[in-house]
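Peer 1: Predicted coordinates and the sequence they were generated for:
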Amino acid sequence: MVKIFDVDQGKLVEKAAEELKKVDTLKMPNWANFVKTGVAKERPPLDKDWWYKRSASILRKVYVYNLVGVNRLRTKYSSRKNNGHKPEHTHKAGGKVIRTILQQLEKAEFIKKTEIKNKKGRTITAKGKNFLDKIAKDVK
């Protein structure tokens, strides 16, 4: 059986983003066209389908890390801010985009809130695992 670890991750995210467009509960909000994805970014994303690509990427990260929260994902999507002639510093990504995507993925029943050993976060459900494994099989 093909798992997500056996295929190219870029192709997996692209294919998953196409499939997530078909899910009713996962829609790009109106404000998403104007928002930056973090403090370190100068402009909003140029890609029209960036919401679905980020959703697919977050779903993949939840699959890989098993238990993940908004703060950990903010760190994963962090970037370095250009401060002109001063040294660059890393800044976390914005939490609103990540939080909204996680809530939409919960409504679609791909992930769920859980607590493992007194640590709260979100884990992938069987439906989410099957969704990504089926896409990995198609990509392979």
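Peer 2: Right, received. Where do you want to start?

Peer 1: Sort out which residues of the helix ranked longest in the chain are buried, please.
Peer 2: Counting by DSSP state H, the longest helix found in the chain is helix 50-65. Neighbour counts using 16 or more other CB atoms under 10 Å place 50-63, 65 of helix 50-65 among the buried residues. Bear in mind the C-beta positions are built from the backbone N, C-alpha and C, glycine included.

Peer 1: And the contacts of that helix?
Peer 2: 4, 9, 12-14, 16-18, 20-21, 26, 28, 32, 37, 47, 68, 72-73, 76-77, 97-98, 101-102, 104-105, 110-111, 122-124, 128-129, 131-132 (CB atoms under 8 Å, 6 or more residues apart in numbering).

Peer 1: again, only using 6 Å
Peer 2: 13, 16-17, 20-21, 28, 32, 68, 101, 110-111, 122, 124, 132 (CB atoms under 6 Å, 6 or more residues apart in numbering).

Peer 1: For those, pick the one with the most neighbours.
Peer 2: Highest neighbour count within the contacts of helix 50-65, by other CB atoms under 10 Å: Phe110, with 28 neighbours.

Peer 1: Just the local confidence number for it, please.
Peer 2: According to the prediction, Phe110 has pLDDT 93.

Peer 1: if I look at it, how far off is Ala16?
Peer 2: Applying CB to CB, to the nearest Å, the value for Phe110 to Ala16 is 10 Å.

Peer 1: Mind listing the shared neighbours of the two?
Peer 2: Joint contacts of Phe110 and Ala16 (CB under 6 Å, 6+ apart) do not exist.

Peer 1: related to what we said a few turns ago, just after the longest helix of the chain, pick out the following helix or strand.
Peer 2: Where DSSP states H and E defines the elements, the next helix or strand beyond helix 50-65 is helix 70-76.

Peer 1: would you list every one of the helices in the protein?
Peer 2: Ranges of helices within the chain are 9-20, 50-65, 70-76, 95-107, 126-139, based on DSSP H.
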